[in-house]
Structure formats: structure tokens, C-alpha cells
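>>> coords please:
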Amino acid sequence: MDINTVNTLSYEDFVNIFGNVVEKCPIIAGAVWSGRPFVSLSALEAAFSDFIDDLPESGKEGLLRCINVLAGMDLQRGTLSRESREEQAGAGLDALVSGEASRMARLNEQYKERFGFPFVICARMSDKTNILRQLSERCQHERTVERERGIEEVKKIGRLRLQGLVRHDAP
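This is a model prediction of the structure:
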């Protein structure tokens with residue numbers, strides 16, 4: 001769809017279409033809807049990003065807690081959103097060998113225990129080897145650094161999801 005179509009969507013349709021741009025956070029799409037009309041896809045992306053940036057630190061952490069654990073139980077049970085399932089599969093997280101799966105589970109647990117929210121990385125821009133490396137390295141960071149990094153990764157994921165839903169701006 002193009003940006004003009006986006007601007008004509010009812011609140012309900014907008015939330016139904018864009019409600020998972022930020023994983024499990026349709027309230028963000030609902031808030032962004034009120035900023036219509038958007039002049040471009042870039043303006044729509046900025047509206048989502050600005051909403052996230054304007055959250056207090058506790059809100060940012062709450063948003064991070066909504067993110068699925070990579071290669072976690074939801075992937076194994078088949079209960080991920082379509083978007084998350086495709087993103088994780090594209091990075092090879094649905095095909096981890098035994099050693100990779102146990103390492104991923106152990107590091108995910110350590111990360112969540114240390115920071116209070118799951119590890120977030122834009123799987124569409126990575127692969128399982130890089131994800132495991134990043135997870136291991138980022139377990140050593142400070143909480144504020146990881147909160148900021150996690151939010152930036154959420155925004156990357158959201159941008160890519162929006163680009164999959166709305167045609168790019170005309171040159």
C-alpha cells in the first residue's frame with residue numbers, strides 16, 4: 001500500500017495492519033495513528049521511532065520485555081507472530097544444532113537475568129553465528145548501554161516491518 005492509503009485507514013484498520021510493527025505493542029500503532037496524515041514512509045517511520053524515544057526509561061524497559069526470546073520456547077512451540085517467525089527463520093534460528101541451541105538458551109537466560117529483559121537484535125540483519133557472538137559480547141555491557149542498544153534494535157525491526165507494509169517513497 002502507499003502512504004495515501006495508510007492515511008485513509010480507520011483506527012481499527014491501522015492498528016490491525018501496523019499493530020505488530022513493534023512486537024506485541026499495538027498501543028504504539030494506536031498512538032501513531034493520531035499523527036496522520038503522514039507525508040511519506042519516512043515520516044511514518046519517524047512517528048514510530050519518536051514515540052519510542054519519548055517513552056520514559058521504565059516504558060522502554062517495558063517495551064523490551066515484550067520482545068520474544070530469540071530461538072526460545074515460542075519459536076519451538078510455533079507461537080511466535082508471523083513476523084517474528086519469519087525473521088528468526090531467516091537468521092537460521094529455527095535450525096540450530098544441539099550445541100548452538102543449548103548455548104543460545106544459556107546465554108539468553110544469563111542476559112535476561114542480568115538485565116531484566118530479553119536480548120534484542122534485528123534478526124533480519126544478522127545470522128545465527130553473529131547473533132550468538134553478539135549475545136555473548138553484550139552480556140558484558142552495562143544495563144543502560146543494553147537498554148539503549150535494545151531500543152535501537154527494536155526501531156530497526158520496526159523500520160523493516162514498515163518497509164514491508166508500505167511502498168517506499170517515490171524518488
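
>>> CA atoms of the strand or helix carrying residue 147 as CSV?
Using DSSP states H and E, residue 147 sits in helix 143-165. Taking C-alpha atoms only, helix 143-165 is exported to CSV below (Å, rounded to 0.1, in the frame of the first residue of the first chain):
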residue,chain,number,x,y,z
ARG,A,143,22.3,-2.1,31.8
THR,A,144,21.9,1.4,30.4
VAL,A,145,24.0,0.6,27.4
GLU,A,146,21.9,-2.5,26.7
ARG,A,147,18.6,-0.7,27.2
GLU,A,148,19.7,1.9,24.6
ARG,A,149,21.0,-0.8,22.3
GLY,A,150,17.9,-2.9,22.6
ILE,A,151,15.7,0.1,21.8
GLU,A,152,17.7,0.9,18.7
GLU,A,153,17.3,-2.8,17.6
VAL,A,154,13.6,-2.6,18.2
LYS,A,155,13.5,0.5,16.0
LYS,A,156,15.4,-1.3,13.2
ILE,A,157,13.0,-4.2,13.4
GLY,A,158,10.1,-1.8,13.2
ARG,A,159,11.6,0.1,10.2
LEU,A,160,12.0,-3.1,8.3
ARG,A,161,8.5,-4.2,9.1
LEU,A,162,7.0,-0.9,8.0
GLN,A,163,9.0,-1.1,4.8
GLY,A,164,7.4,-4.5,4.2
LEU,A,165,3.9,-3.0,4.6
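
>>> which outside residues touch stretch 13-21?
6, 9, 25-26, 28-30, 32-33, 48, 81, 83, 158, 161-162, 165 (C-beta atoms under 8 Å, 6 or more residues apart in numbering). Where C-beta positions appear, they are placed from N, C-alpha and C, glycine not excepted.

>>> looking at this protein, which helix or strand does the model trust least?
helix 73-77 (a mean of 87; mean pLDDT, DSSP states H and E).

>>> which other residues reach that helix?
Where contact means C-beta under 8 Å, 6+ apart, the residues beyond helix 73-77 that reach it are 68, 80, 84, 85, 88, 93, 94.

>>> how about the fourth one, what does it touch?
If I follow you right, that is residue 85. 75, 78, 94.

>>> which residues sit in contact with the second one?
Read that as residue 78. Residue 78 sits in contact with residue 85, where contact means C-beta under 8 Å, 6+ apart.

>>> that one and residue 88, how far apart?
12 Å (C-beta to C-beta, to the nearest Å).

>>> so what's the gap between the least confident helix or strand of the chain and the chain middle?
Taking C-alpha atoms, centre = their mean, to the nearest Å, one finds helix 73-77 lying 17 Å from the centre of the chain it belongs to.
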